[in-house]
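In: just coords:
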C-alpha cells in the first residue's frame, strides 16, 4: 500500500490516544493548586527557565538531557547501522526494534515495581543509567547481527532509568508545577530530537564514507555511550539521594491521647 501507510497508522493511534485522554483521564490538579495561564511560561524556553527556581532540579534536568541525547541515537541511525554492518532487511530491522521495545516493556511492567520498593528511586536510576551506557557500548562493538539481540536481552534493565528519574524530579517541585515539570522534560526531549538526527547521521556518514579516518559503523553508538556515561557521572556526583523517610506509628495511649 505504499510507504505512507505507517504514518496513517501512527496518526490513527494518536487520535485514539487523544480520545482516551479526553474522555477517560480525570483531572488530578485541584483548584487551589492551579495558576493563571501566562504566555512567558507557555513555551519550551520559558518552562525550562521556570524550573530553575527549584533547588536541585537543574542537575536532574542535565542528566535527563544527557540521557536523552545519548539514547536518541537509536531512532536516528539504528536502521542505517543495521543495514550497513549486518546487511539487514527492513523486516529484520523491524524485528530488532520490536525486540528492543518488548524487553523494555517487560522490565518496566515486572522488574520496576519490585526494584523501586527495595532499592529506592535513586539507586534504581543509577542501575538504569549504568545499563543504558553499557548497552550503548555493546551495540557499538557488536560485529555480528546476533550480538544485537544478546545486548538487548542483557541490557534491558536500561528501561529502569527514566521512571525513577522523573519521579525524583517531581519530588522537587510543588503540586502546582507538576504539569509544568513534565512539559519541561518533554521540551528537553524535543530539543534532543532536533539535535540527534543531525549529529548521529553526520557521525555515521563520516566514519563510513570514503574519507573516514577509521571505518567504524558503530561510531554513533560510541558517541552516544559517552553522553550516557557522562549522565551516570553527573547523576552520582550531583543528584542528592532523597532523605530516608521515617516510619511513624500512630497509636492511642490509655488516656486517649495520640502517640
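Out: Looks like it came in fine. None of these values were measured; they are calculated from a predicted model.

In: which SS class is residue 55?
Out: coil (DSSP: H, G, I helix; E, B strand; the rest coil).

In: neighbours of it, how many?
Out: If you count neighbours by other Cβ atoms under 10 Å, residue 55 ends up with 9. No exception for glycine: its C-beta is placed from N, CA and C like everyone else's.

In: I'd say it and residue 171 touch.
Out: No: using Cβ atoms under 8 Å, residue 55 makes no contact with residue 171, being 11.4 Å away.

In: which residues in the stretch 1-150 of the chain form helices?
Out: 5-24, 44-50, 57-71, 73-86, 90-106, 112-140, 145-154 (DSSP state H, counting those that start in this stretch).

In: can you say which of these is packed in most?
Out: With neighbours defined as mean count of other Cβ atoms under 10 Å, the helices of the stretch 1-150 of the chain peak in mean count at helix 57-71, which reaches a mean of 22.

In: elements contacting that helix?
Out: Other elements packing on helix 57-71 under the criterion 3 or more Cβ pairs under 8 Å, 6 or more residues apart in numbering; DSSP states H and E are helix 112-140, helix 162-170, helix 178-208, helix 219-238.

In: quick revisit: the helices of the stretch 1-150 of the chain: which one's closest to residue 238?
Out: Among those, the nearest to residue 238 by Cβ to Cβ is helix 57-71 (4.2 Å).

In: pLDDT of the closest one, averaged?
Out: The average pLDDT within helix 57-71 is 93.

In: what count of nearby residues applies to residue 108?
Out: By the criterion of other Cβ under 10 Å, residue 108 has 15 neighbours.

In: that one contacts residue 158, correct?
Out: No: using Cβ under 8 Å, residue 108 makes no contact with residue 158, being 10.6 Å away.

In: need the contact list for the spatially most central residue of the chain.
Out: Note on the chain: the residue nearest the mean C-alpha position is residue 162, at 4.4 Å, using Cα atoms, centre = their mean. Applying Cβ atoms under 8 Å, 6 or more residues apart in numbering to residue 162 gives the contacts 67, 128.

In: which stretches of this structure have low pLDDT?
Out: Per-residue confidence for the chain (pLDDT under 70) gives these ranges: 40-42, 244-259.

In: please repeat the previous calculation with a cut-off of 80.
Out: Counting by pLDDT under 80, the chain has low-confidence residues at 28-53, 176-177, 179, 243-259.

In: ok so, going back, the helices and strands packed on helix 57-71: which one's closest to residue 3?
Out: Across these, closest to residue 3 is helix 178-208 (Cβ to Cβ), at 18.2 Å.
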